[in-house]
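Novice: Give me the fold of what follows.
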Amino acid sequence: MKTQSMQDSYFTDRVFDKNSKLIKGEYENCTFNNCNLNGLDLSESSFYDCIFNGCDFSLAKLNKTTFNTIRFKDCKMLGLRFDTCNSFGLSFSFEGCLLNHASFFKTKIPKTIFKNSQLEGVDFSEAEMSSVIFDNCNLLHAVFSHSKIDKADFRTAYNYTLDPEINFIKSAKFAMSGIHGLLSKYNIEIE
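Specialist: Numbers count the residues shown, from 1 in each chain. A predicted model of the protein is given here:
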């Protein structure tokens, strides 16, 4: 078996597809199309300015993984632990992604954009999410507990429930249609 050198584990300006094998390494300005990363150990790998299109990340291991300026589009990302990623420079956006049962516990992800995505059962407890945008996202059973979501935009999000008394929501934006999600703990009728 050939041993990988450090030089072999740095990739820049490359396109990977469903037939590509990913190894632990550093990827910069790369595009990943329809890659199956399901259950793969991506621990301690680094991704900078990369795009993932239609990839399956479900249950991948992300211990100390670096995601810096990453775009996920139409990806399946079930059960991912973003809370175990390298927190330095953690920045990404999600469009059309399936993120059910992922964890962002205690992550610092200000200005993250979630667009047209499923976020059912996602844990946002104690996350710092100032100015995050949830554009047309399903937040059914998502957990917001002691989360910093000031200036966040929930206007087109739906199925969310969050307690304004235990979350920091100053200047957050909500639509009248979602007001039930803010008052559900009071068991009152809203018409």
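
Novice: Run through this protein and note the low-pLDDT ranges.
Specialist: Across the chain, the ranges flagged by pLDDT under 70 are 1-8, 186, 188, 190-191.

Novice: Next one: residue 87 relative to residue 68, how far apart?
Specialist: As judged by Cβ to Cβ, to the nearest Å, residue 87 and residue 68 stand 11 Å apart. In this view, the C-beta of every residue, glycine as well, is placed from N, C-alpha and C.

Novice: and if you look at residue 158?
Specialist: Residue 158 is 30 Å from residue 68, where distance means Cβ to Cβ.

Novice: what ranges do the helices span in this protein?
Specialist: Ranges of helices in the chain, per DSSP state H, are 180-183.

Novice: Other residues contacting stretch 55-70?
Specialist: 32-52, 72, 75-82, 84-86, 88-93 (Cβ atoms under 8 Å, 6 or more residues apart in numbering).

Novice: which of the residues you listed are buried?
Specialist: Buried by 16 or more other Cβ atoms under 10 Å: 32, 34-35, 37, 40, 42, 45-48, 50-52, 72, 75-78, 80-82, 84-86, 90, 92-93, out of the contacts of stretch 55-70.

Novice: Which of those residues fall within strands?
Specialist: Among the buried ones among the contacts of stretch 55-70, DSSP state E puts 32, 46-48, 51-52, 72, 92-93 in strands.

Novice: Near residue 15, how many other residues are there?
Specialist: By other Cβ atoms under 10 Å, the residues close to residue 15 number 10.

Novice: So it versus residue 58, what's the distance?
Specialist: Counting by Cβ to Cβ - residue 15 and residue 58 are separated by 22 Å.

Novice: got it, and residue 142?
Specialist: Relative to residue 58, residue 142 is positioned 18 Å away (Cβ to Cβ).

Novice: ok, the two, which is more surrounded?
Specialist: Neighbours of residue 142 and residue 58, each counted by other Cβ under 10 Å, are more numerous for residue 142; the result is 26 against 20.

Novice: Which residue, other than its chain neighbours, is closest to that one?
Specialist: residue 122 (4.6 Å; Cβ to Cβ, 6 or more residues apart in numbering).

Novice: Check residue 105 too.
Specialist: Leaving aside its sequence neighbours, residue 105 sits nearest to residue 83 (Cβ to Cβ, 6+ apart; 4.2 Å).
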